[in-house]
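Asker: Prediction below, plus the sequence it came from.
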Amino acid sequence: MTDDRGKVVTFYSYKGGTGRTMALANVAWILAANGKRVLVADWDLESPGLHRFYRPFIEPAAFESAGGIIELVRRYEQATMLDVPRPDDWQRDFARVSAHAFTLNWEFPDGGTLDFLAAGNQNQDYARSVYERDWDEFYTRYGGGQLFDALREDMKDRYDYALLDSRTGWSDVAGICTVHMPDVLVDCFTFSDQGIEGAALVAGNVARQRGRRPIRILPVPMRVDLAEKKRADAGRLAARQRFTGLPSGMTPAERDAYWATVEVPYQPFYAYEETLATFGDRPGSRTSMLAAYETLAGYLTDGEIQSLPPMEESLRERTAARFVRPTVLPETAVALRFAAEDRLWAEWIARVLRAAGVTVNLAPTGLDADSAPAPE
């Protein structure tokens, strides 16, 4: 029996610095731009950063007040301590994504939406919840697995695709994202030996899980430097040997085609700012970041979605400009206005600024401004 509801997709990398979060952010945008209801969730609880790729489309007040995964977990944990009668599926009331997710400020065509679920409110309580939380205890004592089961069901009911940005490495949170939650695991890695080995080990562990639903695993090479052809070819060969049989469910010819097309190139332009390639790249280039994300979206959707819909060029350029970090130059000259009674304070401030290399023009104000000499 097939499940016709939405898919939960985890983007995971054994090592940091692969471009995993950027890949998720762009694929999500491509899906929403094709009319899909999409959720993105920042499960990298110790280093949340997914929101930075959507900065131009997020209302600061919404981001600061919405809460997120940590608040959802905390509310459920507190509820388990109450000795009150409950129905068997009571966890569903505490696993509703709508309690904390908010919609990005962009009008997608054909009913597409992109909702954002943050890691949580960034404050001292958040830090304690992350670093002091015992996830094993949360599972065994508080029935955390039931909460995540209910959360997964809520995501599948409300969205066509829910994309989770996972913690790196071996961790309890990474285990939740790679084993407990997803239908599909996008296993991101670079062509370094450690990157390949770590990603392959995780893929093997997930594939060997018994008694749970099968998880489709898509290995995705990232940050491939096309200028280093020999090294890139060696990395491709090593990856194929370690990921033998993956992706599963393909003929040998289909698997060859997958490995020949699914990889994300390294582009220095994107190393400096969190810019979406859906706006940063002109469509049509076969070697662009956007083209790589479109190819990945095609495999995630079984070929249903293979490209970003056309966009007016002027709109693309205007939106791309919103990601550019403004250059703020330090002030080298200031006018310091002061009342006569504050002259001593003005002189002291002027000395401090001049010592820092700032040119200070003292300007007295008030009735005697014209007659009062400016202190040196």
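Answerer: Cool, got the structure.

Asker: I would like the residues contacting whatever helix or strand residue 320 lives in, please.
Answerer: Following DSSP states H and E, one finds residue 320 within helix 313-321. Contacting residues not belonging to helix 313-321 are listed as 56, 275, 279-280, 282 [CB atoms under 8 Å, 6 or more residues apart in numbering]. For every residue, glycine as well, the C-beta is placed using N, CA and C.

Asker: Might you list the low-confidence residue ranges for the stretch 1-150 of the chain?
Answerer: 1-3 (pLDDT under 70).

Asker: mind listing the strands for it?
Answerer: Assigned by DSSP state E, counting those that start in this stretch, the stretch 1-150 of the chain shows strands spanning 7-13, 37-42, 102-103, 113-117.

Asker: Using CSV, please lay out the ones you listed together with distance to residue 149.
Answerer: Shown next, in CSV, are those (distance: least, CB to CB, whole Å):
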stretch, distance to residue 149
strand 7-13, 11
strand 37-42, 16
strand 102-103, 24
strand 113-117, 17
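
Asker: TSV for those, including distance to residue 350 and mean neighbour count?
Answerer: TSV is the format used below for these (distance: least, CB to CB, whole Å; neighbours: other CB atoms under 10 Å):
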stretch	distance to residue 350	mean neighbour count
strand 7-13	53	26
strand 37-42	47	25
strand 102-103	47	16
strand 113-117	47	22
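
Asker: I'd like to know which of those is closest to residue 152.
Answerer: Of all the strands of the stretch 1-150 of the chain, it is strand 7-13 that lies closest to residue 152, at 5.8 Å by CB to CB.

Asker: Check which helices and strands the closest one sits against.
Answerer: helix 20-33, helix 144-158, strand 161-165, strand 184-189, helix 193-207 (3 or more CB pairs under 8 Å, 6 or more residues apart in numbering; DSSP states H and E).

Asker: partners of that strand in the sheet?
Answerer: strand 161-165 (parallel), strand 184-189 (parallel) (DSSP bridges).

Asker: If you count neighbours, what's buried in the helix holding residue 320?
Answerer: Residues of helix 313-321 classed as buried by neighbour count (16 or more other CB atoms under 10 Å): 316, 319-320.

Asker: same deal with stretch 72-92?
Answerer: 72-77, 79-80, 91-92.

Asker: Stretch 340-359 too?
Answerer: For stretch 340-359, a neighbour-count test (16+ other CB under 10 Å) marks 346, 349-350, 353 as buried.

Asker: a markdown table for those, including pLDDT and secondary structure?
Answerer: As requested, the buried residues of stretch 340-359 are exported to a markdown table (pLDDT from 0 to 100; DSSP: H, G, I helix; E, B strand; the rest coil):
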| residue | pLDDT | secondary structure |
| --- | --- | --- |
| 346 | 89 | helix |
| 349 | 90 | helix |
| 350 | 89 | helix |
| 353 | 87 | helix |
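
Asker: closest to residue 199 among the residues you listed?
Answerer: Using CB to CB, the buried residues of stretch 340-359 come closest to residue 199 at residue 353, 53.4 Å.

Asker: How about the closest one, nearest residue that isn't a chain neighbour?
Answerer: residue 360 (5.0 Å; CB to CB, 6 or more residues apart in numbering).

Asker: quick one: average confidence on the helix holding residue 320?
Answerer: Averaging pLDDT along helix 313-321 yields 96.

Asker: Paired strands for the helix or strand following it, with orientation please.
Answerer: Moving toward the C-terminus from helix 313-321, the next helix or strand (DSSP H and E) is strand 333-338. Applying DSSP bridges, strand 333-338 is found paired with strand 359-364 (parallel).

Asker: follow-up on the earlier one: run the chain-centre distance for the helix holding residue 320.
Answerer: 22 Å (CA atoms, centre = their mean, to the nearest Å).

Asker: ends of stretch 279-288, how far apart?
Answerer: 12 Å (CA to CA, to the nearest Å).

Asker: From residue 48, how far out is the closest residue to residue 46 other than its chain neighbours?
Answerer: Leaving out its chain neighbours, the residue that sits closest to residue 46 by CB to CB, 6+ apart is residue 130, at 5.8 Å. As judged by CB to CB, to the nearest Å, residue 130 and residue 48 stand 9 Å apart.

Asker: the more surrounded of those two?
Answerer: Counted by other CB atoms under 10 Å, residue 130 and residue 48 do not tie: residue 48 has more neighbours, with 21 against 16.

Asker: So the more buried one is in contact with residue 118, correct?
Answerer: Yes: applying CB atoms under 8 Å, one finds residue 48 in contact with residue 118, separated by 6.9 Å.

Asker: Find residues that contact each of those two.
Answerer: Shared contacts of residue 48 and residue 118 (CB under 8 Å, 6+ apart): residue 42.

Asker: what about the closest residue in space to residue 24 that isn't next to it in sequence, distance to residue 255?
Answerer: Counting by CB to CB, 6+ apart, the nearest residue to residue 24 once its immediate chain neighbours are dropped is residue 11, at 4.2 Å. As for residue 11, its distance to residue 255 is 21 Å (criterion: CB to CB).

Asker: show me the contacts for the residue nearest the centre of the chain.
Answerer: Centroid-nearest residue in the chain, with CA atoms, centre = their mean: residue 50, separated by 2.4 Å. Applying CB under 8 Å, 6+ apart to residue 50 gives the contacts 21, 24-25, 40, 42, 44, 116, 165.

Asker: Serialize the strands paired with strand 7-13 to a markdown table and add fields for distance to residue 210 and mean pLDDT.
Answerer: Output for those, formatted as a markdown table (distance: least, CB to CB, whole Å; pLDDT from 0 to 100):
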| stretch | distance to residue 210 | mean pLDDT |
| --- | --- | --- |
| strand 161-165 | 23 | 98 |
| strand 184-189 | 16 | 98 |
